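*Asks:* Model the structure of this input:
(2 chains)
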There are 2 protein chains.
Amino acid sequence: MRKIDVFNHIQPERYCRHIENLATSRQGIGLRTAGNPRLRDLEHRFRVMDEFGEGYCQVITVPGPQPALLAGPQESPEIARIANDGLAELCSRYPERFVGFAASLPLNNPEAAIREANRAIRELGALGVEIFTNVKGKPLDAAELAPVWDALAALERPVWMHPSRSPSLPDYTSEKKSRYEVWFVFGYPYETSTAMARLVFSGLFDRHPGLKIITHHMGGMTPYFEGRVGSGWEVLGSRTDDEDYSGVLAGLKLPHTEYFKRFFYADTALFGGRAGTVCGLDYFGVDHVLFASDYPFDPKAGQYIRETIAILDGLPVSEADRALIYHGNAERLMGIPAAK
Amino acid sequence: MRKIDVFNHIQPERYCRHIENLATSRQGIGLRTAGNPRLRDLEHRFRVMDEFGEGYCQVITVPGPQPALLAGPQESPEIARIANDGLAELCSRYPERFVGFAASLPLNNPEAAIREANRAIRELGALGVEIFTNVKGKPLDAAELAPVWDALAALERPVWMHPSRSPSLPDYTSEKKSRYEVWFVFGYPYETSTAMARLVFSGLFDRHPGLKIITHHMGGMTPYFEGRVGSGWEVLGSRTDDEDYSGVLAGLKLPHTEYFKRFFYADTALFGGRAGTVCGLDYFGVDHVLFASDYPFDPKAGQYIRETIAILDGLPVSEADRALIYHGNAERLMGIPAAK
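*Replies:* From the prediction side, this is the model:
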């Protein structure tokens, strides 16, 4: 069966050279990902992909840090352009391997981000764009990003949402801001969940009901904590003294719980978590879950692809539903032509 | 069937009067919970409990804020004593309603906390103690709390772990530290998850293999993100430049994933989340999941009890396993005599 792995990372050659020459990279930002050779080694990636048969292909993005973390608003647009030119070239050179890409955006420069989103989608054929859960700590519902959302809605393409480490997210309050890499294991899903909530309660989806956001790692915490999301927020405002939230729920066109399921999609990049996959699928439904492995960020190359396929193949769903998760939803959502 | 609801909150009369007279309460801390009349109204609580039959009973604790947030180390011990005296009195006066209590501790005064833990368990008959996931922002693996853990291990009673809002946990970085009460909906489980991780990686359970910790709200994020907990932490240290974690995993006696399942228990207080309950049960196993509703913090009195029972009654498990979740695990873990 065709398997479209919708959330993966790669570093095109020129992009890689470019960010390694940036002062920020020399200061350490981005060195971790830049230091992962699997992000660049095409030969190795193709050998890994071959294990999963002809039907297996990838949608690619560049890994974080996002342009806004690599450079200021003057330089970040060029970083995004170089990234997207490189992603587009890889897709055109290896169409069987890479069925498309999500474009990088310089979100610390909203005007340039809007231009680049249009260029990447209209001229380079990007399937959509990738955003991160915060822009240097600025939330995605910040006023200055509203024009970007307007532009993305007008482009009518999906948005890939990737977690971004919050500069101040602690493992929780402690002298050391984050110990034991909790910022990654639990902080990333927390970031994703929080970004989802802010987009919902700020009314984004009432302004732009056509937006479709693909959350990395199966929708963050929302499926497991559906009860908290539901009745926990039914009394929004009852726990807050310093701000008036009494009008927030009433100001939304739909019950708040509807937004989390209707406007968000979830990928299966749960790193081999079977019970979580079942829970996420139960929450989002078979039309809103897409196969993804987060290659190459698995401890062993191909491990997450292999484990995720084993989980999906074992799900007690019909073959038609399994096909939606493996490729049908991606084809519909991203406009990828069905395989011949 | 007997149903022991293991994690609920109540305010004994004298405790309630006492904290309302505290300067901190007058400043607003604790007013939210103190303001919930269902925490004090016994008549109403009993009417709600009656709906669920004779077999339904509760294990009680006082709600947050914990003594360490209500007063300094000089005053907090008295707050805990008053709380525990009141909880013990309620249990002895209504043994059919309240089968036991978890004692409050003044953790900003470790010596007094150790004395109070011994007094509450040995003299007042507490089933165990309740701790919060941080002590005024201090993590539970802080050096000064080590003697408290030594004492709790020696007492050989379970520890109820309740989330505590971290003073600095942002919804994520933003001018406003927390918007839309994300600190509650997602922040609480994040706090719980982080506290679990710190206790595991700091080696607490190698020092005290007899410790048993009951996590509120089904183990935080660990079941849904089992994959991140597993392979995400297999490479602990690879994402960190400013601290050396290379020896952490090697320094543990067991694979790190084992600790999360072996030393932690989870209650079913997921506020009506069915898929999460299935996921949590799959992760922790039927011997480590206990029925709880978090009364009276449901939007409608009894709502979470009713919804949780409906979920548990609908689980595809044997009646013997269902009995473990409803009462068997609690009886074994807390030393509650089996019903006649």
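
*Asks:* How about the secondary structure of A:Trp160?
*Replies:* strand (DSSP: H, G, I helix; E, B strand; the rest coil).

*Asks:* What is the burial count for it?
*Replies:* 25 (other CB atoms under 10 Å in any protein chain shown). (Each C-beta comes from the backbone N, C-alpha and C, glycine too.)

*Asks:* count of neighbours near the nearest residue to A:Gly100 once chain neighbours are set aside?
*Replies:* Leaving out its chain neighbours, the residue that sits closest to A:Gly100 by CB to CB, 6 or more residues apart in numbering or on different chains is A:Leu127, at 4.0 Å. Neighbour count for A:Leu127, taken as other CB under 10 Å: 24.

*Asks:* Correct me if wrong: A:Leu127 contacts A:Ile336.
*Replies:* Yes - the pair A:Leu127 and A:Ile336 qualifies as a contact (CB atoms under 8 Å) at a distance of 7.0 Å.

*Asks:* Need the overlap of contacts for these two.
*Replies:* Common contact partners of A:Leu127 and A:Ile336 (CB atoms under 8 Å, 6 or more residues apart in numbering or on different chains): A:Gly100.

*Asks:* From A:Trp149, how far out is A:Gly143?
*Replies:* Just so we're on the same page, residue A:143 is Ala rather than Gly. Separation of A:Ala143 from A:Trp149 (CB to CB, to the nearest Å): 11 Å.

*Asks:* Just want to know which of those two has more residues nearby.
*Replies:* A:Trp149 (22 against 8).

*Asks:* how about that one, what does it touch?
*Replies:* A:204, A:207-208, A:211.

*Asks:* contacting residues around A:Ile10?
*Replies:* A:Ile10 neighbours (CB under 8 Å, 6+ apart): A:39-40, A:45, A:60-63, A:87, A:90.

*Asks:* 7 Å instead, please
*Replies:* A:39, A:60, A:62, A:90 (CB atoms under 7 Å, 6 or more residues apart in numbering or on different chains).

*Asks:* Sort out which of those are in strands and list them.
*Replies:* A:Ile60 (DSSP state E).

*Asks:* The contacts of A:Ile10 in helices, which ones?
*Replies:* Under the assignment DSSP state H, these contribute A:Leu90 to helices.

*Asks:* TSV for the contacts of A:Ile10, including pLDDT?
*Replies:* Output for those, formatted as TSV (pLDDT from 0 to 100):
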residue	pLDDT
A:Leu39	94
A:Ile60	98
A:Val62	96
A:Leu90	98
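
*Asks:* and the contacts of A:Trp149, which are buried?
*Replies:* A:204, A:208, A:211 (16 or more other CB atoms under 10 Å in any protein chain shown).

*Asks:* and A:Ile4, that's in a strand?
*Replies:* Yes - applying three-state DSSP, one finds A:Ile4 inside a strand.

*Asks:* Tell me the bridge partners for it.
*Replies:* Counting by DSSP bridges, A:Ile4 is bridged to A:Cys57.

*Asks:* quick one on the thing from earlier: among the buried ones among the contacts of A:Trp149, which lie within strands?
*Replies:* Per DSSP E, the subset of the buried ones among the contacts of A:Trp149 in strands is empty.

*Asks:* and which of those residues is nearest B:Tyr304?
*Replies:* Proximity of the buried ones among the contacts of A:Trp149 to B:Tyr304 (CB to CB) peaks at A:Leu204, which lies at 30.3 Å.

*Asks:* quick one: which helix or strand includes the residue nearest to that closest one when sequence neighbours are not counted?
*Replies:* Spatial nearest neighbour of A:Leu204, excluding adjacent residues (CB to CB, 6+ apart): A:Trp149 at 6.1 Å. Here A:Trp149 is covered by helix A:146-155, with elements defined by DSSP states H and E.

*Asks:* That helix: which residues count as buried?
*Replies:* A:148-149, A:151-153, A:155.

*Asks:* For these, could you give me a markdown table that also reports pLDDT and distance to B:Glu75?
*Replies:* Output for the buried residues of helix A:146-155, formatted as a markdown table (pLDDT from 0 to 100; distance: CB to CB, whole Å):
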| residue | pLDDT | distance to B:Glu75 |
| --- | --- | --- |
| A:Val148 | 98 | 51 |
| A:Trp149 | 98 | 50 |
| A:Ala151 | 98 | 56 |
| A:Leu152 | 98 | 54 |
| A:Ala153 | 98 | 55 |
| A:Leu155 | 98 | 59 |
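
*Asks:* The residue of the stretch 1-150 of chain A found nearest chain B and A:Asn108: what is the separation?
*Replies:* When scored by CB to the nearest CB, the stretch 1-150 of chain A has A:Gly137 as its residue closest to chain B, at 3.2 Å. Between A:Gly137 and A:Asn108 the distance is 11 Å, computed by CB to CB.

*Asks:* These two - which one has more neighbours?
*Replies:* Applying other CB under 10 Å to A:Gly137 and A:Asn108 shows that A:Asn108 carries more neighbours, namely 23 against 17.

*Asks:* export the buried ones among the contacts of A:Trp149 to TSV and tack on pLDDT and distance to B:Asp5?
*Replies:* Converted to TSV, the buried ones among the contacts of A:Trp149 look like this (pLDDT from 0 to 100; distance: CB to CB, whole Å):
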residue	pLDDT	distance to B:Asp5
A:Leu204	98	39
A:His208	98	44
A:Leu211	98	41
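
*Asks:* just those residues now: which is nearest A:Pro12?
*Replies:* Among the buried ones among the contacts of A:Trp149, and counting by CB to CB, the member closest to A:Pro12 is A:Leu211, at 27.7 Å.

*Asks:* Please save the CA atoms from stretch A:240-254 in PDB.
*Replies:* The C-alpha trace of stretch A:240-254 is given here as PDB (Å, rounded to 0.1, in the frame of the first residue of the first chain):
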ATOM      1  CA  THR A 240      -8.500  33.400  36.900                       C
ATOM      2  CA  ASP A 241      -8.600  36.600  38.900                       C
ATOM      3  CA  ASP A 242      -6.400  38.900  36.900                       C
ATOM      4  CA  GLU A 243      -8.200  38.600  33.500                       C
ATOM      5  CA  ASP A 244     -11.800  38.300  32.400                       C
ATOM      6  CA  TYR A 245     -12.400  35.300  30.300                       C
ATOM      7  CA  SER A 246     -16.200  35.200  30.700                       C
ATOM      8  CA  GLY A 247     -16.800  36.200  27.100                       C
ATOM      9  CA  VAL A 248     -14.300  33.800  25.400                       C
ATOM     10  CA  LEU A 249     -16.500  30.700  25.000                       C
ATOM     11  CA  ALA A 250     -19.600  32.700  24.200                       C
ATOM     12  CA  GLY A 251     -17.600  34.600  21.600                       C
ATOM     13  CA  LEU A 252     -16.800  31.300  19.700                       C
ATOM     14  CA  LYS A 253     -19.100  30.100  17.000                       C
ATOM     15  CA  LEU A 254     -18.700  26.500  17.900                       C
END
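
*Asks:* near chain B at all, it?
*Replies:* Yes - interface with chain B: stretch A:240-254 contributes A:240-241, A:245 (CB under 7 Å from any CB of the partner chain).

*Asks:* what's the answer for stretch A:221-231, then?
*Replies:* Yes - judged by CB under 7 Å from any CB, stretch A:221-231 comes into contact with chain B through A:221, A:223-231.

*Asks:* now stretch A:273-283
*Replies:* Yes - using CB under 7 Å from any CB, stretch A:273-283 comes into contact with chain B via A:273, A:275-276, A:278-279, A:282-283.

*Asks:* In the stretch 151-300 of chain A, where is pLDDT below threshold?
*Replies:* Judged by pLDDT under 70, the stretch 151-300 of chain A has its weakly predicted residues at A:166-178.
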